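Student: Sequence and predicted structure below; questions after.
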2 protein chains.
Amino acid sequence: MYVIIVYDVGVERLNKVRIFLKQYLNWVQNSVLEGELTKAEYFKIQSHLKQLINKDEDSIFIYRVKDYKYLEFDELGTRPIEIDTII
Amino acid sequence: MYVIIVYDVGVERLNKVRIFLKQYLNWVQNSVLEGELTKAEYFKIQSHLKQLINKDEDSIFIYRVKDYKYLEFDELGTRPIEIDTII
């Protein structure tokens, strides 16, 4: 499956969430990662994210398509430099 | 078509972009809107966004599926309160 994850989490949990997700997905924009996942990876990620976030304050959206071919994509502007590379 | 737009734009352009997109799409998370669009609306949005953003500093991603049925969705945590309602 192809997955897009968009997160809006408290500053104190931002790095943990990003570093965890980057093990499986590509960072593409501030707070957005995407990539191909197996079902096992998907359930693992979902479960671990639940532990990392504060469920009353944070919000994580996970969009999925069975196959990348169902997804079309356009991009405007400039892809930002990854935060890791400037910190 | 069903569209998800994720934006990362400079603070000075944030309101303009959000207010414009909210005419067509539902605000669902900080910097994320989604909804059903006609082709005409889609091209209008794309064209107007190009005028609103600074192409060297901002980044807008537009994900599209032909039909909502191709898209699966999971949500963790709490959906944030819309910014407009607290400003």
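Tutor: Sure, I can see it.
Student: where along chain A do the strands fall?
Tutor: A:2-8, A:26-29, A:32-36, A:59-65, A:71-77 (DSSP state E).
Student: how close does residue A:12 get to chain B?
Tutor: 14 Å (Cβ to the nearest Cβ, to the nearest Å). For every residue, glycine as well, the C-beta is placed using N, CA and C.
Student: just to revisit the earlier point, could you export the strands of chain A to JSON lines, including columns for distance to chain B and mean neighbour count?
Tutor: Shown next, in JSON lines, are those (distance: least, Cβ to the nearest Cβ, whole Å; neighbours: other Cβ atoms under 10 Å in any protein chain shown):
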{"stretch": "strand A:2-8", "distance to chain B": "4", "mean neighbour count": "22"}
{"stretch": "strand A:26-29", "distance to chain B": "5", "mean neighbour count": "17"}
{"stretch": "strand A:32-36", "distance to chain B": "5", "mean neighbour count": "19"}
{"stretch": "strand A:59-65", "distance to chain B": "4", "mean neighbour count": "20"}
{"stretch": "strand A:71-77", "distance to chain B": "4", "mean neighbour count": "16"}
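Student: JSON lines for these, including distance to residue B:50 and mean pLDDT?
Tutor: Shown next, in JSON lines, are these (distance: least, Cβ to Cβ, whole Å; pLDDT from 0 to 100):
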{"stretch": "strand A:2-8", "distance to residue B:50": "22", "mean pLDDT": "97"}
{"stretch": "strand A:26-29", "distance to residue B:50": "17", "mean pLDDT": "93"}
{"stretch": "strand A:32-36", "distance to residue B:50": "20", "mean pLDDT": "97"}
{"stretch": "strand A:59-65", "distance to residue B:50": "24", "mean pLDDT": "97"}
{"stretch": "strand A:71-77", "distance to residue B:50": "6", "mean pLDDT": "95"}
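Student: got a markdown table for these, with distance to residue A:20 too?
Tutor: Output for those, formatted as a markdown table (distance: least, Cβ to Cβ, whole Å):
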| stretch | distance to residue A:20 |
| --- | --- |
| strand A:2-8 | 11 |
| strand A:26-29 | 12 |
| strand A:32-36 | 10 |
| strand A:59-65 | 11 |
| strand A:71-77 | 23 |
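Student: Looking at those, spot the one closest to residue B:69.
Tutor: Among the strands of chain A, the nearest to residue B:69 by Cβ to Cβ is strand A:59-65 (10.5 Å).
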